[in-house]
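> The following comprises the amino acid sequence and a computationally predicted model.
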Amino acid sequence: MSVEADSWRESARAIAAGVRAGDLSAAAVVEAHLARVDEVNPRVGALTVVFAEQAREAAAAVDATVRAGHDPGPLAGVPFSVKENIDLMWSATTHGWRGALDAVPEQDATAVARLRAAGAIPLGRGNMPDFGMRWDTDNDVFGRTRNPWSTRHSPGGSSGGDAVAVATGMVAFGLGNDYGGSVRVPADAVGVVGFRPTGGRIPSSAARRRDPVPLSLQHFSTTGILARSADDVAAVFDIVDGADGVDPFAVTRAAAAVDTLKRAAIARDPFRDGESEANLRAQDAAVDALERAGWEIVEGQPPLLDEAVAGWRLLSTTEMQAAYGPDRWDPPLGAGASRFLELAGGAQSHIGSVEEYMAVWARRAVVAAAWQSFFRENPVLVGAVSEARPAHADADLADARTAGDWWRRYRLSVAANYLALPAIAVPTGLAADGLPVGVQVMAAAGADHLALAAARAIGQARGVPTPISPR
């Protein structure tokens, strides 16, 4: 098989380098990835829409730029996916909901526009549950996304389609978003790298809309990146990072001085209720990799962790029930999302008064200050993404208690959302059940490049063999 025909196996950096040097044609790269989509997507349902003709046109433009001797951009010819709730002019921003099938945006989201200007090529849309309303990836419009390591298992959610597309080689990287682990949870489940940056580092397309945005979405959610290596994540982040003059809350920050801050705390069993053997082995592997790369490792637990988790849960459930309750949809949400909201809504507690709501938001600053102090002593924190192994598809719909408590699997992950911290899921290998396992690397707000550096050190020594074919 030719190098070009096999390019779906390559990293984003390798593809871009080959296209820029003239050793690969963007057209051939796109064809290789489209062939991979034809082979794999019917089995896993990761991509909802495939932009074959638009991608071919974009690839031809990249190749013409190279032939003319001009710079095609740092990500020239690299195919990527765009989650169903991120604006892309080529298709409707459906959020996985049948009521938005005609909602074609007039502009690309800033992240998409920047990637296209850098030569990257949108190849398809990544599947998601209706408005991200589940920890799984399924909806009535596009159907279920399956975990390629075991199609009986959930790929996680809500950016499950993009995670699976990356893991199987249909695209080199994907754009998702993360409100409660929605990039890191599926990345962990399918063995790829998933990064949620500091809040505000990547401008939000919601800034272009006139509909009000719940306060927790403004603070907890951000666009994120999925790729098969931390190197590729960093390359994409370099393109999409920084204020755009449109999102009033987007910021531009200087990179951290990594060489002077190579100290990491490992959080084993941070909730004192037992850590799984798979997670302990993953954490040992991460520690070994970091030590080999010259990092100092200490045992450490972040402060007020239980309060951070409780704050995320109370604010998210209260606002989501108020803003996205089942009686607000015409047409209704899909069966899975409706069922999850019904079950979880009856089982989860939420804030019952304005005074309590104000108090929970006010305490967030206290918790954030305590964590900031922790990060001054320990610039990086390493722990688990999930406290449980990947579940079977639809396991979150078993009953009210299960749906209401599903968030508890991801307690350390949602703490990062509550505090708008950078956090990156990086695989370390396969567990005894044959499914991927990994760790999560967190850092102080703004120290995204430090978290990426630690993840890169872990990934270079460990990792999971992707892309894979569905099993």
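Sure, I can see it.

> looking at the chain, which helix or strand is least sure?
In the chain, no helix or strand scores lower on mean pLDDT, DSSP states H and E than helix 335-347, which sits at a mean of 86.

> And the contacts of the helix or strand following that helix?
Sequence-wise, the next helix or strand downstream of helix 335-347 (DSSP states H and E) is helix 354-377. The contact list for helix 354-377 (CB atoms under 8 Å, 6 or more residues apart in numbering) reads 215, 265, 300, 302-304, 307-308, 311, 314-315, 318, 351, 381, 418-419, 421, 443-445, 447. Where C-beta positions appear, they are placed from N, C-alpha and C, glycine not excepted.

> Report the backbone C-alpha coordinates of the one helix or strand Val49 maps to in CSV.
In this structure, Val49 sits in strand 47-50 according to DSSP H and E. Output of strand 47-50 as CSV, limited to C-alpha atoms (Å, rounded to 0.1, in the frame of the first residue of the first chain):
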residue,chain,number,x,y,z
LEU,A,47,-19.6,10.7,11.9
THR,A,48,-23.1,11.9,11.2
VAL,A,49,-22.4,13.8,7.9
VAL,A,50,-19.4,13.4,5.6
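
> Going by contacts, tell me the helices and strands next to the helix or strand following it.
Next along the chain after strand 47-50, taking DSSP H and E as the criterion, comes helix 52-67. Under the contact criterion of 3 or more CB pairs under 8 Å, 6 or more residues apart in numbering; DSSP states H and E, helix 52-67 touches helix 12-21, helix 26-44, strand 121-126.

> Make TSV out of those and add distance to Gln460.
Shown next, in TSV, are the helices and strands packed on helix 52-67 (distance: least, CB to CB, whole Å):
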stretch	distance to Gln460
helix 12-21	13
helix 26-44	24
strand 121-126	26
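
> In strands only, show me the contacts of helix 354-377.
265, 381, 443 (DSSP state E).

> The second one: what's its closest spatial neighbour, skipping adjacent residues?
Just to be clear, that refers to Leu381. Once flanking residues are discounted, Leu381 sits nearest to Met442: 4.4 Å by CB to CB, 6 or more residues apart in numbering.

> My understanding was that Gly174 contacts Phe80; is that so?
Yes - when contacts are counted by CB atoms under 8 Å, Gly174 is listed as touching Phe80 (6.0 Å).

> These two: which is more packed in?
With neighbours defined as other CB atoms under 10 Å, Gly174 and Phe80 compare such that Gly174 has more, 36 against 28.

> Surely the more buried one forms part of a strand?
Yes - Gly174 forms part of a strand when assessed by DSSP: H, G, I helix; E, B strand; the rest coil.

> Run through the residues that contact it.
Counting by CB under 8 Å, 6+ apart, Gly174 makes contact with 80-83, 126, 159, 161-163, 165-166, 225-227.

> measure Ala286 to Val385 for me?
Distance from Ala286 to Val385, counting by CB to CB, to the nearest Å: 12 Å.

> Now do the shared contacts for those two.
Val439.

> So the residue nearest to Leu381 versus Asp306, what's the distance?
Separation of Met442 from Asp306 (CB to CB): 16 Å.

> and what of Leu226?
As judged by CB to CB, Leu226 and Asp306 stand 29 Å apart.

> now do Asp433
Distance of Asp433 to Asp306, given as CB to CB: 29 Å.

> Tally up the residues packed near the nearest residue to Ala395 once chain neighbours are set aside, please.
Distances taken as CB to CB, 6+ apart place Ser154 nearest to Ala395, at 6.7 Å, with adjacent residues excluded. By the criterion of other CB under 10 Å, Ser154 has 27 neighbours.

> same question, Leu333
Per other CB under 10 Å, the neighbour tally for Leu333 reads 25.

> so what's it closest to, chain neighbours aside?
Using CB to CB, 6+ apart, the closest residue to Leu333 is Asp130 (4.6 Å).

> which ones are touching the one you found?
Applying CB under 8 Å, 6+ apart to Asp130 gives the contacts 95-97, 139-140, 333-334, 336-337.

> Spell out, range by range, the helices that occur in the stretch 101-250 of the chain.
110-117, 160-167, 184-190, 215-220, 230-240 (DSSP state H, counting those that start in this stretch).

> And the ones you listed: which comes nearest Ser11?
Using CB to CB as the measure, helix 230-240 is the one of the helices of the stretch 101-250 of the chain that comes nearest Ser11, at 5.4 Å.

> Touching that closest one from outside, list them.
Identification of contacts with helix 230-240 by CB under 8 Å, 6+ apart yields 11-13, 16, 74-75, 80, 110-111, 114-115, 118, 120, 172-173, 193, 195, 197, 201-202, 223, 225-227, 424, 426, 448-449, 452, 455-456, 458-459.

> Stretch 304-320 too?
Outside stretch 304-320, the residues that touch it by CB under 8 Å, 6+ apart are 133, 179-180, 214-217, 220, 270-271, 302, 344, 348-351, 357, 360-361, 363-364, 366-367, 370-371, 407, 411-412, 414-415, 417-419.

> Report the outermost residue of the chain with respect to its centre.
No residue in the chain sits farther from the centre than Ala68, which is 36.4 Å out by CA atoms, centre = their mean.

> Any regions of this structure where pLDDT drops low?
Scanning the chain for pLDDT under 70 picks out 1-2, 207, 256, 325-326, 346-348.

> Which positions in stretch 248-263 come out as buried?
Buried residues in stretch 248-263, defined by neighbour count with 16 or more other CB atoms under 10 Å: 250, 253, 256, 258, 261-262.

> So what's the residue count around the closest residue to Ala432 other than its chain neighbours?
Excluding its sequence neighbours, the residue lying closest to Ala432 (CB to CB, 6+ apart) is Ala278, at 6.9 Å. A count of neighbours around Ala278, defined by other CB under 10 Å, yields 22.
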